[in-house]
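> Any chance you can model this:
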Amino acid sequence: SRVEESFSVATKLAKIEGIYTGANFLVANLTLASVLYVGGSMVINSEVSIGTLTSVCMYMVNLGFGVSNLANGYGQLLRAQGCAERIHALMNRTPKYPTSTV
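Residues are numbered from 1 along each chain as shown. Here you go, the predicted model:
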């Protein structure tokens, strides 16, 4: 039935979103850890200051949040487009039974 099909699609979508979100956080954290590792060794060798390393990390976190919000916004936009198409299809169909205008 359509309900089961809709549930199946929603389940697949939830799994894909979970994998995407998990992978996104994993990549972000691995990148931050590698920057801290390389930056920490540069601080120990007096190549950069701790303030510079902190600034770079803060910029990375801010950039990551921005990119994540853009990706989530795009996903929500696609969902809204699908919902609008469904509503439009429902509003344009002809009813089985005539309606009265009483």
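
> Next, N24: secondary structure please.
Secondary structure for N24, judged by DSSP: H, G, I helix; E, B strand; the rest coil, is helix.

> Could you pull out the helices in the chain for me?
With helices called from DSSP state H, the chain shows them at 2-44, 50-92.

> how many other residues sit next to L32?
15 (other CB atoms under 10 Å). To be clear about C-beta, it is placed using only N, CA and C from the backbone, and glycine gets the same treatment.

> and the residue lying closest to it once chain neighbours are set aside, what is it in contact with?
Spatial nearest neighbour of L32, excluding adjacent residues (CB to CB, 6 or more residues apart in numbering): M60 at 6.1 Å. For M60, the contact set (CB atoms under 8 Å, 6 or more residues apart in numbering) comprises T31, L32, V35.

> can I get those in CSV with distance to E5 and pLDDT?
Listed next are the contacts of M60 as CSV, based on distance: CB to CB, whole Å; pLDDT from 0 to 100:
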residue, distance to E5, pLDDT
T31, 39, 92
L32, 41, 92
V35, 45, 94
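
> Show me the contact partners of stretch 2-22.
By CB under 8 Å, 6+ apart, the list of residues contacting stretch 2-22 from outside reads G75.

> Tell me the confidence at V102?
The model reports V102 with a pLDDT of 66.

> Poorly predicted segments of the protein, please.
Scanning the chain for pLDDT under 70 picks out 102.

> Any chance of JSON lines for the contacts of M60, columns distance to A84?
What follows is these, written out as JSON lines (distance: CB to CB, whole Å):
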{"residue": "T31", "distance to A84": "36"}
{"residue": "L32", "distance to A84": "38"}
{"residue": "V35", "distance to A84": "42"}
